[in-house]
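Student: No letters, just coordinates:
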DNA sequence: CGAATTTATTTCAAGCTTGAAATTTTAAAC
DNA sequence: GTTTAAAATTTCAAGCTTGAAATAAATTCG
């Protein structure tokens, strides 16, 4: 039944696979919930929220390429999202003095106001969705997730 | 629906938000890695893999609507993915005797062979990506994730 | 200087995803 | 039995996402 046993220690491999499936179920479920709330309650999307959050942290603006690197999405992707935020008056592009190629993306005043409201709701939603864990459990979980992250980052991003 | 929690700036709220961001970073990173490997090494995608995995578990076939419910994606979504798997000869639709509306989606022999190979690689990839954790840590982590899952399932699945 | 390379961004095609509308078939109600 | 409602799919428009190709500007260097 199982495919060729080219795998390492069978038992821990299954344990890790099971862990992966649970992690995926948890984060996918929470993400779906956040998307639904952003859509139904605030007529926006998670990618837009992510871009606004990045720009809110960088009031001086971010070059399109920096935004792309920061969010770990493609250049073409941020082009489209910033376009749509700009259509709604939430963001804009500012020319960079010394470099005619580059643009800074920045939130407008309207964008800042909109994001501040969203951010508060977002924190409450997450707090609710993870409310089944005590503070201790949250910290233990965070620690283990960070340990797992160190490993993947080491193998995955040797920059 | 639970009413709005009016205690946003608790410390535990920030702790949970931090946990959420770490969880998202971990799963997004692993998912991106899996997508890349599926694409570069096997010329396929994660949604296709997910559909094939579901069909592999149900050799008798799954109605399109059951597949949609099982994977928690929209009906229209599975229509497109099964269409493309069928174009490649990996899946097919079978008429349901008593009901002219319904179809069973099923893997072809070629689809079963292809999935068996993918599944082995998939398990090894996940094992590698989570390799920074000991078996004990994996189990602790799984347990905490399951506890968090119980909570979210309770609140967002009012079936 | 001028050619070649690198950097910043946009455009594009293809696939994924959703919710809503449209189709077709089945079941229920009167 | 005919109308009505429910169920199973597909179609569609809009947005997200990617990698690759195209543009354009800046930098390197022979």
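Tutor: Now that the structure is in, tell me what you want to look at. The structure displayed is predicted, hence computed values, not measured ones.
Student: Chain A: helices as residue ranges?
Tutor: Per DSSP state H, chain A carries helices over the ranges A:10-42, A:46-57, A:64-71, A:75-87, A:109-129, A:135-156.
Student: Check whether stretch A:69-76 comes near DNA strand C.
Tutor: Yes - applying CB under 7 Å from any atom of the strand, one finds stretch A:69-76 touching DNA strand C at A:74, A:75, A:76. Where C-beta positions appear, they are placed from N, C-alpha and C, glycine not excepted.
Student: Leaving out chain neighbours, which residue sits closest to the second one?
Tutor: What that stands for is residue A:75. Once flanking residues are discounted, residue A:75 sits nearest to residue A:68: 4.9 Å by CB to CB, 6 or more residues apart in numbering or on different chains.
Student: any idea how far the residue nearest to residue A:112 when sequence neighbours are not counted is from residue A:148?
Tutor: The shortest distance from residue A:112 to any non-neighbouring residue, by CB to CB, 6+ apart, is to residue A:56 (6.7 Å). The gap separating residue A:56 from residue A:148 is 28 Å, by CB to CB, to the nearest Å.
Student: Counting neighbours, go ahead and name the busier of these two.
Tutor: A count of neighbours by other CB atoms under 10 Å in any protein chain shown puts residue A:148 above the other of residue A:56 and residue A:148, at 26 against 16.
Student: ok, that one touching residue B:133?
Tutor: Yes - at 5.6 Å, residue A:148 counts as touching residue B:133 under the criterion of CB atoms under 8 Å.
Student: Close to DNA strand C: what parts of chain A are there?
Tutor: Counting by CB under 7 Å from any atom of the strand, the residues of chain A close to DNA strand C are A:32, A:36, A:39, A:63-66, A:74-76, A:78-80, A:82, A:93, A:96, A:99, A:101-104.
Student: Got the confidence number for the residue nearest the centre of chain A?
Tutor: With distances taken as CA atoms, centre = their mean, chain A has residue A:50 as the residue nearest its mean C-alpha position (5.8 Å). At residue A:50, the predicted lDDT confidence score is 98.
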